[in-house]
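> missing the sequence, but the structure's below:
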């Protein structure tokens, strides 16, 4: 194989790709703009919704309020709550979201608090679990109830000649011993591997289609095959360009994501007060090192599959199922309970997703890293072999 001929094919395909508006948009413009626009839009909407929800009054109903008039009055005075008098069908109304919460007081609550202090009372709060407005209302109600309970406890111990601190024989203090890299890496490890893998795949898609099915459709495939260049050199030159597009797309997307987070710190501080972006160069390099053979697999397989198509549209149809086959194992980093083990270390895509999560969290399981890199290299070699066989098949090349 002549490296000079490989370089000629690579430069030729690179020139064609840079002239192709569709390839430039998919490989450069979309990665640079997609993350900032997506994250800014989602973040701005989230901040707006949360801020608006916390500022507006939530509608709540009081059931048997006459059993605890003092506590009921405190709830009515809460600034973020609006108490309605009608408590009928409160469960249905909460499910319909016309009512955010309902509070039910037990029979004779305040009387029993005074006369039977050894008998605890239960205040029930009915909510729509995980619904934002209902959760906001529940937190406000719990704050009032907790304050009321603390006052009763203080009165009881005072009447017995004790001080409030007598109920606190010791305090607990939680101290974080993990670095900022590990804390934020643990969060990023759930979502970042998935996006890296998907971007690695989609970055190779359009160049792979354009250099195979696209050339068939334009009628230029025969011209290239008639040149004094071997099939292996042709495959390797096209493959290198596809791999370059995949890695460039992934790198630009991640850089764009990082710059977005650093450029708009206020937005992300509003979403999480303790979130600090801190990922080491070592972790980023290790993830890229593991992504490289996976990108080789994607580039070779997509070229081989796209070559079997008659035209651009058919190639897109052939490659669409591959996207779904990659998404499922790539989601492994987001699924709680799935941990890296010797078996999963051999599963393509899933192994890279799981080990990337560990690396971003500051853990470096070197035996697994070696197994994953080695097995992915084997898959990459098999994919390249398959791609070359497709280019050697006249039936595939001249399929119309």
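The structure has been received and is ready for your questions. Note that this is a predicted model, so its numbers are computed, not measured. Residues are numbered from 1 along each chain as shown.
> and whatever helix or strand residue 147 lives in, what other elements does it pack with?
Following DSSP states H and E, the helix or strand that holds residue 147 is helix 132-159. Applying 3 or more Cβ pairs under 8 Å, 6 or more residues apart in numbering; DSSP states H and E, one finds that helix 132-159 contacts helix 30-55, strand 58-63, helix 69-77, strand 81-84, strand 101-104, strand 124-127. For glycine as for every other residue, the C-beta is placed from the backbone atoms N, C-alpha and C.
> Any buried residues in stretch 71-86, and which?
Within stretch 71-86, the residues that qualify as buried are 71-72, 75, 78, 80-81, 83, counting by 16 or more other Cβ atoms under 10 Å.
> Considering these, which member attains the minimum pLDDT?
Comparing pLDDT over the buried residues of stretch 71-86 singles out residue 80 as the least confident position, at 89.
> For the closest residue to that residue other than its chain neighbours, give me its contacts.
Beyond its immediate neighbours in the sequence, the residue positioned closest to residue 80 (Cβ to Cβ, 6 or more residues apart in numbering) is residue 140, lying 5.0 Å away. Counting by Cβ atoms under 8 Å, 6 or more residues apart in numbering, residue 140 makes contact with 58, 78, 80-81.
> which two in those are spaced the farthest apart?
Checked with Cβ to Cβ, the contacts of residue 140 reach their widest spread between 58 and 78, with 9.5 Å between them.
> Surely residue 346 touches residue 375?
Yes - at 5.2 Å, residue 346 counts as touching residue 375 under the criterion of Cβ atoms under 8 Å.
> Please work out how many residues are found near residue 59.
Counted with other Cβ atoms under 10 Å, residues neighbouring residue 59 total 19.
> Residue 15 too?
A count of neighbours around residue 15, defined by other Cβ under 10 Å, yields 10.
> rewinding a little: closest to residue 338 among the buried residues of stretch 71-86?
residue 80 (39.8 Å).
> what about the closest one, distance to residue 56?
In this structure, residue 80 and residue 56 are 8 Å apart, going by Cβ to Cβ, to the nearest Å.
> Now flag whichever of the buried residues of stretch 71-86 is closest to residue 259.
Of all the buried residues of stretch 71-86, residue 259 sits closest to residue 80, with 37.1 Å by Cβ to Cβ.
> hang on, the closest one packs against residue 53?
No - if you go by Cβ under 8 Å, residue 80 and residue 53 don't touch, sitting 9.6 Å apart.
> where do the contact lists of those two overlap?
residue 136.
> Counting by contacts, list what the helix or strand containing residue 374 packs against.
With the criterion set as DSSP H and E, the secondary-structure element containing residue 374 is helix 366-392. Helix 366-392 is packed against helix 231-263, helix 281-307, helix 350-360, with contacts defined by 3+ Cβ pairs under 8 Å, 6+ apart.
> and that helix, average pLDDT?
92.
> ok, residue 373 - contacts?
For residue 373, the contact set (Cβ under 8 Å, 6+ apart) comprises 289-290, 293.
> let's go with 7 Å and repeat that
With contacts taken as Cβ atoms under 7 Å, 6 or more residues apart in numbering, residue 373 has the following neighbours: 290, 293.
> From residue 296, how far out is it?
Relative to residue 296, and taking Cβ to Cβ, residue 373 is found at 12 Å.
> returning to that earlier point: most packed of the helices and strands packed on helix 366-392?
Neighbour counts (mean count of other Cβ atoms under 10 Å) averaged over each of these peak at helix 350-360, with a mean of 26.
> neighbouring contacts of that one?
Here helix 350-360 has contacts from 185, 188-190, 192-194, 196-197, 279, 283, 286-287, 290-291, 294, 329-330, 332-333, 338, 340, 344-345, 365, 368-369, 372, 376, using Cβ under 7 Å, 6+ apart.
> what do you get for stretch 193-208?
Under Cβ under 7 Å, 6+ apart, the answer for stretch 193-208 is 17, 22-23, 26-27, 31, 241-242, 245-246, 248-250, 253-254, 287, 291, 294-295, 298-299, 302-303, 306, 319, 323, 326-327, 330-331, 333-334, 349, 352-353, 356-357.
> Let me see the mean pLDDT of that stretch.
Confidence over stretch 193-208 (mean pLDDT, whole number) is 88.
> ok, now stretch 282-293?
86.
> Stretch 326-345 now?
When pLDDT is averaged over stretch 326-345, the result is 88.
> Any buried residues in it, and which?
The neighbour-count check on stretch 326-345 (16+ other Cβ under 10 Å) flags 326, 329-333, 340, 344-345 as buried.
> Inside strands: which ones of these?
The members of the buried residues of stretch 326-345 all map outside strands under DSSP state E.
> Return the set of buried residues in stretch 138-154.
Residues 138, 140-141, 144-145, 148 are the ones in stretch 138-154 that count as buried (16+ other Cβ under 10 Å).
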